[in-house]
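Visitor: Following is a predicted model, sequence given first.
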Amino acid sequence: MRRCFLLSTLLWCTLTHAAPPARPNEIARAVIGAEYISVPDRPDIPGCSDGGGSIISANHVPTDFSYQFMKCGPQRLLVLEELVGMMDNFPHLRIIDAIPLPPFKSDATESQLHVRQIVNAGDCTLDGRRDRTMLVLVKWGRGDRITARNGVITAWGFDLEAGKIIQFDTSRIECEKPTPP
């Protein structure tokens with residue numbers, strides 16, 4: 001509980017106008033180590049809101065790890081979480097890594113060609129293989145396939161053994177624009 005109180009106080013101070021604006025890396029560092037119970041329709045961490053995420057699978061088997069997009073004040077973060085246990089049938093999670101995200105539009109569609117968006121990893125390959133745990137920031141442009149030369153901006157994955165979010169070399173990534181339904 002003390003950790004949660006300290007985190008709440010730190011986030012409140014860094015996200016309000018009473019303090020100088022926090023740098024994105026400071027906000028990311030502030031949430032690492034935070035534990036919370038993931039209950040629907042309730043903020044996970046004071047000062048932050050849930051932006052969606054997913055359980056991470058390895059070899060098509062769910063792990064005790066998940067990622068989540070969070071918005072803490074003006075800053076969006078990508079966080080890596082580990083399942084600590086269950087409390088009252090809800091997941092008890094610990095944030096083990098967090099990075100600030102560059103600007104992107106979370107509700108963009110493939111038809112919005114020049115808008116930065118994070119795409120489903122199933123639309124992209126890493127070294128020619130589909131990696132469903134990879135997140136890729138793209139601008140689609142006009143082509144059906146994009147690479148680092150024409151629209152792949154950055155990409156992240158997860159090293160679960162080290163408990164870290166990792167960044168991929170964009171020259172290893174190619175994405176195919178999804179076909180509209």
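Guide: Right, received. Where do you want to start?
Visitor: How far off centre is stretch 55-66?
Guide: In terms of CA atoms, centre = their mean, to the nearest Å, the gap separating the centre of stretch 55-66 from the centre of its chain is 15 Å.
Visitor: Restricting to C-alpha, output that stretch in CSV.
Guide: Extracted in CSV, the C-alpha atoms of stretch 55-66 (Å, rounded to 0.1, in the frame of the first residue of the first chain):
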residue,chain,number,x,y,z
ILE,A,55,-2.0,-10.7,-22.9
ILE,A,56,1.3,-11.8,-24.5
SER,A,57,1.5,-15.3,-25.8
ALA,A,58,4.6,-17.4,-26.4
ASN,A,59,4.3,-20.2,-29.0
HIS,A,60,0.5,-19.6,-29.0
VAL,A,61,0.3,-20.1,-25.2
PRO,A,62,-0.7,-17.2,-23.0
THR,A,63,1.9,-16.1,-20.5
ASP,A,64,1.7,-14.2,-17.2
PHE,A,65,2.7,-11.0,-19.1
SER,A,66,0.6,-8.4,-20.8
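Visitor: how close does the most centrally placed residue in the chain sit to residue 154?
Guide: Most central in the chain under CA atoms, centre = their mean is residue 78, positioned 2.7 Å from the mean C-alpha point. Between residue 78 and residue 154 the computed distance is 11 Å (CB to CB, to the nearest Å). C-betas here are computed from N, CA, C, even on glycine.
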